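J.: would you be able to build a 3D model of this:
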Amino acid sequence: MVVKETYIEGCFEITPKIIQDKRGYFFESFNKKKFQNKTGLEIDFVQDNQSFSEKGVLRGLHLQKGEDSQAKLVSVSKGKVLDVVVDVRPNSNTFGAIFSIVLSEENKKQLFVPRGCAHGFVVLSETALFYYKCDNFYNKEAETGIIYNDPKLNINWQLEDDELIISEKDKVLPSFTEFMEQQKTTT
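T.: Below is the predicted model of the structure:
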């Protein structure tokens, strides 16, 4: 596996070593020892999630706050998505940075999203099956996020606005500035 730190501190792009022959292919989707050796991070994943979505579905930008914060290892087994990470850790050297990458069944790449970063994705193919490994359990009360179309972030989701399918919950998330103000008042 090839592990490359993105320009967001602690966020890693992972490309597996794929063994392919006439029968198909094989690869390790996760190996704790190799992950730790390549990243220097000791992660204990406790929950796996998956979502199925149609083209244009945008999920995000989400995160959990406080003690319920989650690091995630995300990948796509069917289809193609644009995956986006925003560093909202005020003490991070890369605070405010945005990283995006295409994850697909073809490239089999994964992205490690550190705790304290907002995360979202949009489906670029007709459908997509998206997987998340999380190092903390889901807690509805700790759920928060940032509106996908925040003008300060100016994320290029690679689809037109009228192609996007967004949940009612995600349509009312705060702006980046409002989110950061909320974090100041809760800490």
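
J.: now name the helix or strand holding the spatially most central residue of the chain.
T.: In the chain, the C-alpha nearest the mean C-alpha coordinate belongs to His119, at 4.2 Å (Cα atoms, centre = their mean). In the assignment (DSSP states H and E), His119 maps to strand 117-123.

J.: Glu178 now?
T.: helix 176-186.

J.: ok, and what's touching that helix?
T.: Where contact means Cβ atoms under 8 Å, 6 or more residues apart in numbering, the residues beyond helix 176-186 that reach it are 65-66, 86, 88, 90, 96, 144-146, 150, 152-153, 173-174. The way it works is simple: take the backbone N, C-alpha and C, and place the C-beta from them, glycine included.

J.: strands of this structure, start to end?
T.: Secondary structure of the chain by DSSP state E: the strands cover 2-5, 12-15, 19-21, 24-26, 47-54, 57-64, 72-78, 80-87, 98-104, 110-113, 117-123, 127-134, 143-145, 165-166.

J.: of these, which is nearest Leu159?
T.: Of all those, strand 117-123 sits nearest to Leu159, with 6.1 Å by Cβ to Cβ.

J.: how about low-confidence regions in the chain?
T.: 185-187 (pLDDT under 70).

J.: list the residues that contact Leu58.
T.: By Cβ under 8 Å, 6+ apart, the neighbours of Leu58 are Gly120, Phe121, Val122, Val123, Tyr148, Trp157, Leu164, Ile165, Ile166, Asp170.

J.: same deal with Phe99?
T.: Contact partners of Phe99, counting by Cβ under 8 Å, 6+ apart, are Thr6, Tyr7, Ile8, Cys11, Val84, Val85.

J.: find the residue closest to the fifth one in space, skipping its chain neighbours.
T.: In other words, Val84. Ser100 (4.6 Å; Cβ to Cβ, 6 or more residues apart in numbering).

J.: sorry, back to before: now do the strand holding His119: everything it contacts.
T.: Identification of contacts with strand 117-123 by Cβ under 8 Å, 6+ apart yields 8, 11, 53-63, 72, 74, 79-89, 103, 113, 130, 145-146, 148, 157-159, 164.

J.: residue at max distance from the center of the protein?
T.: Lys22 (32.7 Å).

J.: that one and Pro16, how far apart?
T.: Here Lys22 is placed at a distance of 20 Å from Pro16 (Cβ to Cβ, to the nearest Å).

J.: also Gly66?
T.: Distance of Gly66 to Pro16, given as Cβ to Cβ: 33 Å.

J.: comparing these two, which shows the higher neighbour count?
T.: Pro16 (19 against 12; other Cβ atoms under 10 Å).
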